[in-house]
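K.L.:
please find the sequence and the predicted model below.
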Amino acid sequence: MNIKAYMYRGFLGIGLLMVSLGVQAQGIVASQHDLTAAGTGQGTTAVTDEVCVFCHTPHGSDTSASVPLWNKTLPAPASYQRYSELQTATFDSIEAPVGSVSLACLSCHDGSQAMDVVLNAPGTGMNTGPIDGTMGAMTGTPVPVLGTDLRDDHPISMQYGGGGATNLDGDGTFAGTLGDPDFTLPEKATINSIPMWWVDSPPGTAATREKTDMLLYTGPAVGGTGTDEPFVECGSCHDPHNSATKGATQVAFLRIDQTASQICTTCHTK
């Protein structure tokens, strides 16, 4: 089954600085994900002013990545320790090997390769190699570097809600029973013949898939049933193109702010 066919098509949307109603919205430009000299993250460079090239390329991308036109080599899924290895009784979902958009995030955030090593560097022709050569791997404990031991992080590549929802269900609010009743029922829509799931968040419009919703990612159902189901990935809670600081806790790149822990209670019914 071609996992890439199930990639979240909106993930490539380029975050630009826009002025709306006189308020300047924050995107990727000049953010921590902007590795040019204009960025505020670690390892910035003056070698190129191209913001997107550190993650995306129009040509020569990694076709195995579940992210559009990914410009980095993906790490091996088996190289990570997963939350499920803790064998906690409260975790009643099944964790698939780390993959999907999470693997793309970890290609920098596990600290295993230099931030500027790409498949196609700026310039004419295919220029595989480092953009700068001096940037090195990401540093910082525990964030932004997560390392390869993910047991102390929110589980990823896991069935949403303990499983239950599949592509055989009709569009709209899931009408079945989740494996764990302490989760909000997901929404489903069929887009370009592909099932897409999400959980409506408080700021958004009900039953409408938006960037401020908790997005779920389609993949083959665990257990070899021949169906597809929704998975929680890094991009479920994080929007890499939205640098706007969220709420009083000053956490960036979240889909919604953390007021009253709504980033958690959108999915977890506590």
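P.N.:
Now that the structure is in, tell me what you want to look at.
K.L.:
now the helices for the chain?
P.N.:
Secondary structure of the chain by DSSP state H: the helices cover 100-109, 234-237, 262-265.
K.L.:
can you show me the CA trace of the last one as CSV?
P.N.:
Just to be clear, that refers to helix 262-265. What follows is helix 262-265 as a C-alpha-only set of coordinates in CSV (Å, rounded to 0.1, in the frame of the first residue of the first chain):
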residue,chain,number,x,y,z
GLN,A,262,-7.6,22.7,25.3
ILE,A,263,-4.7,21.3,23.2
CYS,A,264,-5.2,18.2,25.4
THR,A,265,-9.0,18.2,26.1
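K.L.:
start the count at 23 instead of 1 going forward.
P.N.:
In the new count, where the first residue is 23, that last one comes out as helix 284-287.
K.L.:
could you list the low-confidence segments of the stretch 173-292 of the chain?
P.N.:
Within the stretch 173-292 of the chain, the stretches with pLDDT under 70 are 267-272.
K.L.:
just to revisit the earlier point, wait, which of the helices of the chain is closest to residue 278?
P.N.:
With C-beta to C-beta as the measure, helix 284-287 is the member of those nearest residue 278 (5.9 Å). The C-beta positions use only the backbone N, C-alpha and C, and glycine is treated the same way.
K.L.:
and that closest one, which residues are buried?
P.N.:
Along helix 284-287, the positions that meet the burial threshold by neighbour count (16 or more other C-beta atoms under 10 Å) are residue 285.
K.L.:
which other helices and strands does it contact?
P.N.:
Applying 3 or more C-beta pairs under 8 Å, 6 or more residues apart in numbering; DSSP states H and E, one finds that helix 284-287 contacts no other helix or strand.
K.L.:
for that helix, which outside residues touch it?
P.N.:
Under the contact criterion C-beta atoms under 8 Å, 6 or more residues apart in numbering, helix 284-287 has outside partners 223, 224, 259, 276, 277, 278, 279, 292.
K.L.:
any chance of the residues you listed in JSON lines, with distance to residue 286 and neighbour count too?
P.N.:
What follows is those, written out as JSON lines (distance: C-beta to C-beta, whole Å; neighbours: other C-beta atoms under 10 Å):
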{"residue": "223", "distance to residue 286": "11", "neighbour count": "21"}
{"residue": "224", "distance to residue 286": "12", "neighbour count": "13"}
{"residue": "259", "distance to residue 286": "9", "neighbour count": "19"}
{"residue": "276", "distance to residue 286": "11", "neighbour count": "18"}
{"residue": "277", "distance to residue 286": "12", "neighbour count": "22"}
{"residue": "278", "distance to residue 286": "10", "neighbour count": "21"}
{"residue": "279", "distance to residue 286": "12", "neighbour count": "18"}
{"residue": "292", "distance to residue 286": "8", "neighbour count": "7"}
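K.L.:
out of the helices of the chain, nearest to residue 248?
P.N.:
Shortest distance between residue 248 and these, using C-beta to C-beta, is found for helix 122-131: 18.9 Å.
K.L.:
tell me the buried residues in stretch 172-185?
P.N.:
172, 177, 178, 179, 180, 181, 182, 183, 184, 185.
K.L.:
and stretch 218-226, by the same measure?
P.N.:
By 16+ other C-beta under 10 Å, the buried positions in stretch 218-226 come out as 218, 219, 220, 221, 222, 223, 226.
K.L.:
ok, stretch 62-79 next?
P.N.:
Within stretch 62-79, the residues that qualify as buried by neighbour count (16+ other C-beta under 10 Å) are 63, 65-67, 69-70, 73-79.
K.L.:
before we move on, what about stretch 82-90?
P.N.:
Buried residues in stretch 82-90, counted by 16+ other C-beta under 10 Å: 83, 84, 87, 88, 89, 90.
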